[in-house]
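Asker: next input, structure requested:
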Amino acid sequence: MKKQLLSLSFLLLSVSIFAQKQQIFTVSGGYSWANVFASNYDVTADYDITGTGWRINGLYELNPNEGPMAWGLALGYISVSGEYTNMDTTTTVTVGTIPVYLAPKYMFGQNNLKGFVKAMAGMQFANIEYDGPKGNLTSDDFGFYGGGGVGILYFIRENVFLNLEYEFGYMSNSYYRDGIMQSAMGGVGIKF
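Answerer: Residues are numbered from 1 along each chain as shown. Predicted structure coming up:
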């Protein structure tokens, strides 16, 4: 009887703790840019290519007691591409990256408009494709993904909001010249 009572107590405590956590889901997308490394394809030269492209991101967060801190897990896809010319031939470099990271967020503000700052730490998987006069070359890599971001949430209803944010990330793989990825995104989210 004591074991059953203790088990029931833990179950009720777990349910009450879970019930105090608000859940938030946000889907966003936008524009991304980074310096892409091109000398893997053409070893005779080193080109400075600014890759631009798009990004889509999903973020699931827990917000204990509806306080200022939220703890999130994000999964997304980033695609950037750029071109360089060598002796009248053009090569296109395209990099696709899947970042998976933890994203603690601090929110501030009142009523319908809230600002936030966030940190990011996790990993990313990348694929690079060179398409030019020497043919098509592809390769894969992975590494660390981390950084921070700022943004605003505008609540159009009590549980529905619009999201606007800027994210500055660092990626440790050989396809990005300086490892810096920047994104400007907008999206929509729900609280439940």
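
Asker: next SSE downstream of the strand or helix carrying residue 123?
Answerer: If you go by DSSP states H and E, residue 123 is part of strand 113-132. Sequence-wise, the next helix or strand downstream of strand 113-132 (DSSP H and E) is strand 135-155.

Asker: show me what counts as buried in that next one.
Answerer: For strand 135-155, the neighbour count (16 or more other CB atoms under 10 Å) marks 141, 143, 145, 146, 147, 149, 151, 153 as buried. For glycine as for every other residue, the C-beta is placed from the backbone atoms N, C-alpha and C.

Asker: isn't the fifth one right up against residue 169?
Answerer: The reference is to residue 147. Yes: with contact defined as CB atoms under 8 Å, residue 147 and residue 169 form a contacting pair (3.7 Å).

Asker: intersection of neighbour lists for the two?
Answerer: 120, 181 (CB atoms under 8 Å, 6 or more residues apart in numbering).

Asker: low-confidence stretches in this protein?
Answerer: By pLDDT under 70, the low-scoring segments of the chain are 1-20, 38-47.

Asker: what's the neighbour count on residue 96?
Answerer: 17 (other CB atoms under 10 Å).

Asker: got the contact list for it?
Answerer: Residue 96 is in contact with 77, 78, 79, 126, 127, counting by CB under 8 Å, 6+ apart.

Asker: if we use 10 Å, what do you get?
Answerer: 53, 77-81, 125-129, 140, 175 (CB atoms under 10 Å, 6 or more residues apart in numbering).

Asker: quick one: classify residue 66 as helix, strand or coil.
Answerer: What DSSP: H, G, I helix; E, B strand; the rest coil gives for residue 66 is coil.

Asker: dump the residue contacts of it.
Answerer: Contact partners of residue 66, counting by CB under 10 Å, 6+ apart, are 20, 21, 22, 107, 191.

Asker: so which strand or helix has the residue nearest to residue 69 when sequence neighbours are not counted?
Answerer: Leaving aside its chain neighbours, residue 69 sits nearest to residue 106 (5.9 Å; criterion: CB to CB, 6 or more residues apart in numbering). Taking DSSP H and E as the definition, residue 106 sits inside strand 89-110.

Asker: sheet-wise, list the partners of that strand with their directions.
Answerer: With DSSP bridges as the test, strand 89-110 is paired with strand 69-86 (antiparallel), strand 113-132 (antiparallel).

Asker: in the longest one, what counts as buried?
Answerer: Under the neighbour-count criterion of 16+ other CB under 10 Å, strand 113-132 has 114, 116, 118, 120, 122-124, 126-128, 130-132 buried.
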